[in-house]
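Novice: next comes the sequence, and after it the predicted model I'd like to discuss.
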Amino acid sequence: MFRLPADRPAVMGVLNVTPDSFSDGGAFLDSSAALDHALRMVDEGADLVDVGGESTRPGAAEVPADEEWSRVGKVLESLVRRGVLVSVDTRKAEVARRALDCGACVVNDVSGLRDPAMMDLVCSRPCAVCIMHMQGEPATMQIQPHYRDVVEEVLEFLLRQASEAVRRGKPSPEVWIDPGIGFGKTTEHNRALLRSLDRLVRTGYPVLLGVSRKSFIGRVLGGEATPLPVEDRLEGTLAVQVWAQLQGVRVLRVHDVLATRRCVEMVRWLRADGYPARD
Ligand code: HH2
């Protein structure tokens, strides 16, 4: 079981075993390259590794469960065998079940347990779960996302799903919530959510945040017409993550583990008197 550090956010390293992820698609499709990359992230200070076999970038098509599993199964097993704590990034109950059977300790569901089979699964297993908010589906989510009040609507969804999991017996420290930055959201929606992280933190559920290399950073720093490319988004990513750490976010999902871990340690040092840890 994965225990969240009390005095700093946990660092979750991203391992995309996909041909088409937005920032590193194709780089780790080969199992031995994937394993090497995961072990490097652990050396650099990742507390756990989030293994995913389906890109959820805007416009991405769904991958059948068997194909998704054939991408992630081998590397996931190898990591567990080496004692690495593994999270599985999937929307499919079938893939999550196989990952849990192999020893994964977190299910990271970008569709936020909307599938009843996924809700049933995570509530019947001793794992943590990340419930993420997404408006619509990856294939269409960035086509004119619209909210009455983005912060209220995201909070309402997350609280509804989280309390259902708790009602079914999941201990609340094992129910993480995530506003889903970039998932059916404009740059302004993302800004509103990032400015309201303290409201998510105050729910008492551990908050996970994934902003690493995301396109809003490219647009803010380079402009709408000439966004900074993915490889130039590290500083922007780190700035937002420091902001998130100061609000009490408990898990940072990142591609750049070493840089993140150094920032996290500096902020932890500055805030040595404690961190908003409630569990
Ligand atoms: N973002 C991505 C994927 N999974 N999970 C959570 N909980 N929160 C996030 O913000 C999040 C996530 C997208 O990033 P990445 O995995 O690098 O890209 P892709 O979906 O193209 O594989």
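Specialist: Perfect, thanks for sending it. Since the structure is predicted, the reported quantities are computational estimates derived from the model, not experimental observations.
Novice: helix, strand, or coil at Leu29?
Specialist: coil (DSSP: H, G, I helix; E, B strand; the rest coil).
Novice: which parts of the stretch 1-150 of the chain sit against the ligand?
Specialist: 14, 16, 18, 21-23, 52, 55-57, 89, 108, 110, 130, 132 (C-beta under 6 Å from any ligand atom). C-beta here means a position set from N, CA and C on the backbone, and glycine is covered the same way.
Novice: so which residues of the stretch 101-250 of the chain form helices?
Specialist: Secondary structure of the stretch 101-250 of the chain (DSSP state H, counting those that start in this stretch): helices at 116-123, 150-167, 187-195, 197-201, 215-222, 234-247.
Novice: give me the contact list for the last one.
Specialist: Spelled out, that is helix 234-247. If you take C-beta atoms under 8 Å, 6 or more residues apart in numbering as the criterion, helix 234-247 is touched by 8-9, 194, 197-198, 201, 209, 211-214, 217-218, 220-221, 228, 252, 254, 256, 259-260, 263-264, 267, 271.
Novice: that helix vs the ligand: in contact?
Specialist: No - Helix 234-247 lies out of reach of the ligand by C-beta under 6 Å from any ligand atom, never closer than 11.3 Å.
Novice: tell me which helix or strand comes right after that helix.
Specialist: Under the assignment DSSP states H and E, the closest C-terminal helix or strand after helix 234-247 is strand 251-254.
Novice: tell me how far stretch 40-60 is from the chain's mean position?
Specialist: 8 Å (C-alpha atoms, centre = their mean, to the nearest Å).
Novice: got the CA positions of that stretch in CSV?
Specialist: Provided in CSV are the C-alpha atoms of stretch 40-60 (Å, rounded to 0.1, in the frame of the first residue of the first chain):
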residue,chain,number,x,y,z
ARG,A,40,15.7,6.2,-13.8
MET,A,41,12.7,8.1,-12.4
VAL,A,42,12.8,6.1,-9.2
ASP,A,43,16.6,6.9,-8.9
GLU,A,44,15.7,10.6,-9.4
GLY,A,45,13.2,10.5,-6.5
ALA,A,46,9.9,9.3,-7.8
ASP,A,47,7.8,7.9,-5.0
LEU,A,48,5.7,5.9,-7.4
VAL,A,49,5.4,5.3,-11.2
ASP,A,50,2.2,5.9,-13.1
VAL,A,51,2.1,3.4,-16.0
GLY,A,52,-0.3,4.1,-18.8
GLY,A,53,-1.0,2.4,-22.1
GLU,A,54,-3.5,4.8,-23.7
SER,A,55,-3.0,8.4,-24.5
THR,A,56,-5.8,10.7,-23.3
ARG,A,57,-4.5,13.7,-25.2
PRO,A,58,-7.1,15.8,-26.9
GLY,A,59,-8.4,14.0,-30.0
ALA,A,60,-7.0,10.6,-29.0
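Novice: report the buried residues of that stretch.
Specialist: Within stretch 40-60, the residues scored as buried using 16 or more other C-beta atoms under 10 Å are 41-42, 44-58, 60.
Novice: inside strands: which ones of those residues?
Specialist: The members of those that map onto strands under DSSP state E are Leu48, Val49, Asp50, Val51, Gly52.
Novice: out of those residues, flag the one nearest to the ligand.
Specialist: Among those, Gly52 lies closest to the ligand (C-beta to the nearest ligand atom), at 5.6 Å.
Novice: Arg40 versus Pro126, what's the distance?
Specialist: In this view, Pro126 and Arg40 are 29 Å apart by C-beta to C-beta, to the nearest Å.
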